[in-house]
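K.L.:
how does the following fold in three dimensions:
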Amino acid sequence: MFETIFGIHERALYAAADRVGVLAANIANADTPNFKARDFDFKAVLAGETADGGLPMTRTNAGHIALAPDTSLSGELKYRVPFQPSLDGNTVETPVESAQFAENAIRYQTSLDAISRKVSLLSLAIAGQ
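P.N.:
Now for the predicted structure:
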């Protein structure tokens, strides 16, 4: 029921919460020799939700393009390619990680605001106002 009410925002909250842990681990290990920065593609996670049936895509018209069965993107962790590698083998770039962390926080807040608005509208509808 909540998937239809909140739409993609519910999964976006979970994805952003998972990603913040990965980004925090990268920042915490910025001085660890040979540590490899990791991240996952936020868009791929949400696109994977539509491909694997989490939020199914439906064709409402015969003219719509059908989703190919092998079109699945996963949110698996991948290694980040550094702009400027360090001599100790660490691939964490603190400014990049900080920017990604801030972007993730904005996405989280945006989804949270959208869900909050939906809840407000539902409570108004239930109250009959």
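
K.L.:
could you list the buried residues of the helix or strand harbouring residue 22?
P.N.:
Here residue 22 is covered by helix 9-28, with elements defined by DSSP states H and E. Neighbour counts over helix 9-28 (16 or more other Cβ atoms under 10 Å) mark 9, 10, 11, 12, 13, 15, 16, 19, 22, 23, 26 as buried. All C-beta atoms are positioned from the backbone trio N, CA, C, and that covers glycine.

K.L.:
ok, stretch 81-90 next?
P.N.:
Of all the residues in stretch 81-90, those buried under the rule 16+ other Cβ under 10 Å are residue 90.

K.L.:
how far does it stretch from start to finish?
P.N.:
End-to-end distance for stretch 81-90: 11 Å, by Cα to Cα, to the nearest Å.

K.L.:
do stretch 21-37 as well
P.N.:
Using Cα to Cα, the end-to-end distance of stretch 21-37 comes out at 12 Å.

K.L.:
point to the residue nearest the middle of this protein.
P.N.:
By Cα atoms, centre = their mean, the chain has its centre lying nearest to residue 42, at 3.4 Å.

K.L.:
helices or strands up against the helix or strand that the helix holding residue 22 is followed by?
P.N.:
Counting by DSSP H and E, the element after helix 9-28 in chain order, helix or strand, is strand 38-39. Packing contacts for strand 38-39, counted by 3 or more Cβ pairs under 8 Å, 6 or more residues apart in numbering; DSSP states H and E, involve helix 9-28, strand 78-79.

K.L.:
can you say which of the ones you listed is nearest to residue 92?
P.N.:
For the helices and strands packed on strand 38-39, the distance to residue 92 is smallest for helix 9-28, at 5.1 Å, taking Cβ to Cβ.
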